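K.L.:
Got a predicted structure plus its sequence, pasted below:
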Amino acid sequence: VWNNCLLFIKDNIQPQAYKTWFEPIVAVKLTDNALSIQVPSKFFYEWLEEHYVKLLKVSLTKELGETAKLVYIIKMENTYGNKQPFTEKIPSSNRSAVKSQNVDVPLNNKNPELRNPFIIPGIRNVKIESQLNPNYNFDNFLEGDSNRLARSAGLAVSAKPGGTSFNPLLIFGGVGLGKTHLAHAIGVDIKDKYPEKTVLYISAEKFTQQYIDSVKKNNRNDFIHFYQLIDVLVIDDVQFLSGKSGTQDVFFHIFNHLHQNGKQVILTSDKAPVDMQDIEQRLLSRFKWGLSAELQTPDFETRVSILKNKLYRDGVEMPEDIIEYVAKNIKSNIRELEGAIISLIAQSSFNKKEINIELARQVVEKFVKNTKREVSIDYIQKIVSDYFQMDVDTLQSKTRKRHIVQARQLAMFFAKKFTKASLASIGSQIGKRDHATVLHACKTVDNLSTTDKQFRKYVEDLTKKLSV
Ligand code: ADP
Ligand code: MG
């Protein structure tokens, strides 16, 4: 059926227009008298509706008779909701199928008479995969002094999404303290209580990637529309947006739209709003509209109960003193706390060793050491020269070319920052310079990273690379 329609359409429009607007369409199915076609984007669908609706109608009527129906399925390019392609089904009506034989379609026909009968606007059957992880819920998010405020704010929000003054709710705190877990828990609870609400969890990094893709593919508007459909938007790690002004700009618009329409926004960040850098002022001020709740490092009791809960859920038994030993020695990161316990269980079952304090000591020691391992000056030089796509010899050379000098100064700066080596020793290892040169390099990097945006980006990127 669709092929016949295409033949007819092809005869009636310019070849280029046919190629652009009809070749990408995929006929999906035909049930009764309804043909479903898949189009690549919402924009695409709107264009078809605006310019080719009559042509489509005539061709379809010729094939299927007057009761013909057309259903558009909009494919969101597997990006915005990710994993499952997001599809939006828009049924169109058949109320007044046209019987005309000689088709003379004005290409920019905006006559609503022609558009309306073919589509029922407003009936949108939107399905968006929420991307929530059901394993991160309130039941297994244990309460303690360190998270009480954030947790109860989360519960208040999930009881009445968009209906509290906690909008946006910003959860902030250090690495591994439960931001992602709590953000999912709120979303999961909302989905539970309000199944009809559209909830979406997305990391700021993925959001940025989608935005960049949408600009590349010329469908920035689709991107914005997609996000404006959402009732509860959870964006994880918003500090990632720092310095990315295009993404911040688009997020600002989406945020305003959602907020004005009483939709809930939940954000997480590794910093409090006052400490966020390179985020536009207008966005920061929005972040402060609602509530900022901190996740602090958990106290000893909370750490113990988190571990016990985890063991209980995994069906593993462990002596009390071992649990306490681990909780006493790993303090500042719940992910590591859990990691140590998992590794302890693995060690004991793998080596058929009994879990005792000695084994616990070994495991914990490894964990603590691993996370504090020192990077070497060689390693720093390698990372910095890779980053600037030069080799280490170039980095060390005597040249005065600006970008090489900068790379060298950065290497010295990080050597000072990340190792215990003396200025003199750093100088001698990075191209046989003296300690004054190294000192000068450190000062230069400090200065440049406050005055030069690009340079600050280098420092941030390299800090990240060197910290993992
Ligand atoms: P963040 O996003 O802040 O880096 P995560 O949310 O990824 O941290 O949490 C790290 C780990 O710690 C996860 O496995 C999470 O389930 C666990 N966790 C954090 N807080 C709690 C808590 N209050 N109760 C139980 N588990 C927690
Ligand atoms: Mg996280």
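P.N.:
Done, it's in. Ligands and ions are numbered 1, 2, ... in the order given.
K.L.:
Domains in the chain, by residue range?
P.N.:
Per the record, the chain has its domains at 2-127, 148-295, 300-372, 377-467, by automatic domain parsing.
K.L.:
A strand includes I230, no?
P.N.:
No. Applying DSSP: H, G, I helix; E, B strand; the rest coil, one finds I230 to be coil, outside a strand.
K.L.:
Share the number of residues neighbouring it, please.
P.N.:
24 (other CB atoms under 10 Å). Using the backbone N, CA and C atoms, a C-beta is placed for each residue, glycine as well.
K.L.:
circling back to that earlier point, which one of the domains of the chain has the poorest average confidence?
P.N.:
Here the lowest mean pLDDT among these goes to domain 2-127, at a mean of 64.
K.L.:
and the closest residue in space to L64 that isn't next to it in sequence, how far is that from F418?
P.N.:
Nearest-residue entry for L64: N33, 5.1 Å, with adjacent residues in sequence omitted and distances by CB to CB, 6 or more residues apart in numbering. As for N33, its distance to F418 is 69 Å (criterion: CB to CB, to the nearest Å).
K.L.:
returning to what we had before: give the contact list for the residue nearest to L64.
P.N.:
By CB atoms under 8 Å, 6 or more residues apart in numbering, the contact set of N33 is L64, G65, T67, A68, K69, N94.
K.L.:
how close does the nearest residue to the fifth one once chain neighbours are set aside get to I73?
P.N.:
The spatially closest residue to K69, leaving aside those adjacent along the chain, is A34, at 3.9 Å (CB to CB, 6+ apart). Applying CB to CB, the value for A34 to I73 is 12 Å.
K.L.:
What of K416?
P.N.:
On the measure of CB to CB, K416 and I73 end up 58 Å apart.
K.L.:
Show me what counts as buried in the helix or strand containing E46.
P.N.:
Under the criterion of DSSP states H and E, E46 resides in helix 42-51. Residues K42, F43, F44, Y45, E46, L48, E49, H51 are the ones in helix 42-51 that count as buried (16 or more other CB atoms under 10 Å).
K.L.:
Can you tell me which of those residues is nearest ligand 2?
P.N.:
Closest approach between these and ligand 2, by CB to the ion: K42, at 30.9 Å.
K.L.:
Run a quick check on the closest one versus Y72, I expect a contact.
P.N.:
No. Counting by CB atoms under 8 Å, K42 does not reach Y72; the two are 9.3 Å apart.
K.L.:
Does I230 touch E129 like I think?
P.N.:
No. The pair I230 / E129 is not scored as a contact, 11.7 Å apart, by CB under 8 Å.
K.L.:
So for K416 and I73, which residue has more residues nearby?
P.N.:
Neighbours were counted for K416 and for I73 using other CB under 10 Å; K416 has more, 20 against 17.
K.L.:
so who does that one touch?
P.N.:
L423, I426, V438, C442.
K.L.:
Emit the ChimeraX select command for whichever of these are buried.
P.N.:
Buried members of these, defined by 16+ other CB under 10 Å, are picked up in ChimeraX with:
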select :423,426,438,442
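K.L.:
Tell me which of the contacts of K416 fall in helices.
P.N.:
Using DSSP state H, the members of the contacts of K416 that fall in helices are L423, I426, V438, C442.
K.L.:
which residues touch the third one?
P.N.:
Going back to what we said before, that points to V438. Contacts of V438 by CB under 8 Å, 6+ apart are M412, A415, K416, L423, A424, I426, G427, I430.
K.L.:
Any chance of JSON lines for those residues, columns distance to ligand 1?
P.N.:
Formatted as JSON lines, these follow (distance: CB to the nearest ligand atom, whole Å):
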{"residue": "M412", "distance to ligand 1": "31"}
{"residue": "A415", "distance to ligand 1": "28"}
{"residue": "K416", "distance to ligand 1": "28"}
{"residue": "L423", "distance to ligand 1": "35"}
{"residue": "A424", "distance to ligand 1": "39"}
{"residue": "I426", "distance to ligand 1": "32"}
{"residue": "G427", "distance to ligand 1": "37"}
{"residue": "I430", "distance to ligand 1": "34"}
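K.L.:
Distance to D446 added to these, as a markdown table?
P.N.:
As requested, the contacts of V438 are exported to a markdown table (distance: CB to CB, whole Å):
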| residue | distance to D446 |
| --- | --- |
| M412 | 12 |
| A415 | 14 |
| K416 | 10 |
| L423 | 14 |
| A424 | 20 |
| I426 | 16 |
| G427 | 17 |
| I430 | 17 |
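K.L.:
So which residues on the stretch 1-150 of the chain come close to ligand 1?
P.N.:
N140, F141, L142, N147 (CB under 6 Å from any ligand atom).
K.L.:
excluding its backbone neighbours, what's nearest the last one?
P.N.:
Read that as N147. Spatially, and ignoring its direct neighbours in sequence, N147 is nearest to L295 (5.2 Å; CB to CB, 6+ apart).
K.L.:
At the contact with ligand 1, which residues of the stretch 201-350 of the chain appear?
P.N.:
I306, I334, R335, E338.
K.L.:
mind checking which helix or strand the third one is in?
P.N.:
Yep, that's R335 we're talking about. Using DSSP H and E, R335 falls in helix 334-350.
K.L.:
Buried ones in that helix, by neighbour count?
P.N.:
Buried residues in helix 334-350 (16+ other CB under 10 Å): I334, E336, L337, E338, G339, A340, I341, S343, L344, I345, Q347, S348.
K.L.:
which ones are touching the nearest residue to the third one once chain neighbours are set aside?
P.N.:
Which is L337. Leaving out its chain neighbours, the residue that sits closest to L337 by CB to CB, 6+ apart is I330, at 4.7 Å. Shown in contact with I330 (CB under 8 Å, 6+ apart): R303, E336, L337, A340, V364, F367, V368.
K.L.:
residues contacting the third one?
P.N.:
For L337, the contact set (CB under 8 Å, 6+ apart) comprises R303, I306, L307, V326, A327, I330.
K.L.:
Regarding the residue of the chain found nearest ligand 2, what is its secondary structure?
P.N.:
Residue of the chain nearest ligand 2, by CB to the ion: T180 (3.2 Å). Classification of T180 using three-state DSSP returns helix.
K.L.:
Could you double-check that it sits in contact with L132?
P.N.:
No. In this structure T180 lies outside contact range of L132 using CB under 8 Å: 11.0 Å.
K.L.:
Look up how far N4 lies from the residue nearest to K69.
P.N.:
16 Å.
K.L.:
do the same with A411
P.N.:
Counting by CB to CB - A411 and N4 are separated by 67 Å.
K.L.:
out of these two, which sits in the busier spot?
P.N.:
Legend: neighbour count by other CB under 10 Å for A411 and N4, higher for A411 (30 against 13).
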